[in-house]
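# I need the structure of the sequence given here:
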Amino acid sequence: MSNLNWGIVGTGWIGSEMAEALWAVHGTVYGVCGSSLEKAENFAKEYKIEHAYNDLDEMLSDKNIHIVYIATPHNMHYEMMLKSLKAGKHVFCEKAITVNSRQLEECVKVAKKNNLVICDGVTLLHMPLYKKIKKMIEDGEIGKVKMVQVNFGSCKEYDVNNRFFSKSLAGGALLDIGVYAVSFARYFMESKPNVVLTTANYFETGVDETSGIILKNNDGQMSVIALTMRAKQPKRGVISGEKGYIQIDEYPRAQKATITYTADGHTEVIDEGDTKKALQYEVMDMEEYINNNSGQENLQIVRDVMETLTSVRNQWGMVYDFE
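Below you'll find the predicted structure:
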């Protein structure tokens with residue numbers, strides 16, 4: 001199945017980015033559906049998309065669509081993904097792929113039964129820089145990894161009507177930006193964490209504002225993560241090994257990193273990929289997974305991350321309105 005048609009679900013800014021990425025890779029976009037037919041038709045006109053659908057069911061009934069790209073609020077991901085998989089479509093879903101581990105595992109079960117691919121829109125899993133760094137670490141460039149430190153902070157204006165702060169829409173820092181940080185940590189740890197420690201402060205709406213997370217696995221590795229939606233922090237990840245450390249700034253869409261060697265303090269710049277092509281890499285990875293039956297390693301990382309995020313929320317006692 002070399003020629004794959006994508007259907008975009010959701011007409012917001014990230015849906016627009018994906019439409020542009022698909023044009024760059026394929027020179028065409030097959031279909032789109034939005035919250036109304038009018039929105040879908042306007043989006044289709046703007047991005048020269050062949051087909052506009054009234055709703056997801058109409059899109060799924062089109063046998064020419066092979067991949068459904070879900071770009072809707074978090075609370076809608078699970079039902080849309082499950083429905084798409086049951087309709088025989090591969091699914092590329094924006095982060096957070098689901099809101100808890102139970103939802104994801106149910107979708108994975110259906111995907112495996114139907115020989116379909118699930119992929120997560122956590123950009124760093126698809127960017128060339130991270131793949132190169134992972135290979136360098138596996139080759140022993142910085143020795144055994146002992147610590148991964150990750151910061152992610154944005155300063156969003158508090159607005160109870162914005163989805164970022166809504167419990168009914170699975171708002172809060174954890175699923176919005178924390179999924180990137182935990183994915184970064186898990187990607188560079190040899191195994192999933194078996195110890196998760198955390199604490200948080202909350203908005204008046206009940207979703208998390210600021211949190212600290214400590215992870216530890218059975219391979220002697222730890223990660224320290226700092227998240228907030230009310231204070232700007234550097235988007236920085238540092239992977240520290242026994243022979244040196246690698247610092248990545250402006251993740252997840254980074255194309256450069258700096259490696260520092262412990263023995264003499266010597267530094268080198270690692271330059272790989274192109275920030276502007278972030279979603280193009282996602283498209284190419286997804287199609288590679290489908291055509292060559294690969295990508296299962298990344299899926300396991302996604303499952304581990306969702307298990308960790310679920311553990312964090314369980315410790316906080318934070319339950320979304322629809323759970």
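# if I look at the most far-flung residue of the chain relative to its centre, how far off is residue 244?
Distance from the centre of the chain peaks at residue 264, with 36.2 Å (CA atoms, centre = their mean). Separation of residue 264 from residue 244 (CB to CB, to the nearest Å): 10 Å. In this view, the C-beta of every residue, glycine as well, is placed from N, C-alpha and C.
# quick revisit: look at the residue farthest from the centre of the chain and give its secondary structure.
coil (DSSP: H, G, I helix; E, B strand; the rest coil).
# just checking, what packs against the helix or strand containing residue 23?
According to DSSP states H and E, residue 23 maps onto helix 13-26. On a contact count with 3 or more CB pairs under 8 Å, 6 or more residues apart in numbering; DSSP states H and E, helix 13-26 meets strand 6-9, helix 37-47, helix 278-292.
# so how far is the shortest one off the chain centroid?
Relative to its parent chain, strand 6-9 has a centroid offset of 17 Å by CA atoms, centre = their mean, to the nearest Å.
# all helices of the stretch 1-150 of the chain, in order?
Secondary structure of the stretch 1-150 of the chain, counting by DSSP state H, counting those that start in this stretch: helices at 13-26, 37-47, 56-60, 74-86, 101-113, 128-138.
# out of the ones you listed, deepest packed?
Using mean count of other CB atoms under 10 Å, the stretch among these with the largest mean neighbour count is helix 74-86, at a mean of 21.
# ok but residue 312 is inside a helix, no?
Yes - inclusion of residue 312 in a helix is indicated when three-state DSSP is applied.
# does it touch residue 197 like I think?
No - judged on CB atoms under 8 Å, residue 312 makes no contact with residue 197 at a distance of 9.3 Å.
# who has more neighbours out of these two?
Using other CB atoms under 10 Å, the more surrounded residue of residue 312 and residue 197 is residue 312, with 24 against 14.
# OK, contacts around that one?
By CB atoms under 8 Å, 6 or more residues apart in numbering, residue 312 lies in contact with 174, 178, 196, 198, 211, 213.
# which one of these is nearest residue 77?
Distance to residue 77 across those (CB to CB) is lowest for residue 174, with 14.7 Å.
# any idea how many residues pack against residue 61?
10.
# for it, grab phi and psi.
phi -80, psi -10 (degrees, to the nearest 10).
# how far away is it from residue 188?
42 Å.
# what sits against the most centrally placed residue in the chain?
Note on the chain: the residue nearest the mean C-alpha position is residue 122, at 2.0 Å, using CA atoms, centre = their mean. Taking CB under 8 Å, 6+ apart as the contact definition, residue 122 lies against 95, 179-180, 183, 252, 302, 305.
# give me that answer again for 7 Å
Contact analysis of residue 122 by CB atoms under 7 Å, 6 or more residues apart in numbering lists 95, 179-180, 183, 252.
# same check on residue 270?
129, 132-133, 256-257, 259.
# same thing but 6 Å
Counting by CB atoms under 6 Å, 6 or more residues apart in numbering, residue 270 touches residue 257.
# distance of it from residue 244?
Taking CB to CB, one finds residue 270 at 12 Å from residue 244.
# and for residue 253?
24 Å.
# if we can go back for a sec, out of the contacts of residue 122, the closest to residue 320 would be?
Ranked by distance to residue 320 (CB to CB), those are led by residue 179 at 14.6 Å.
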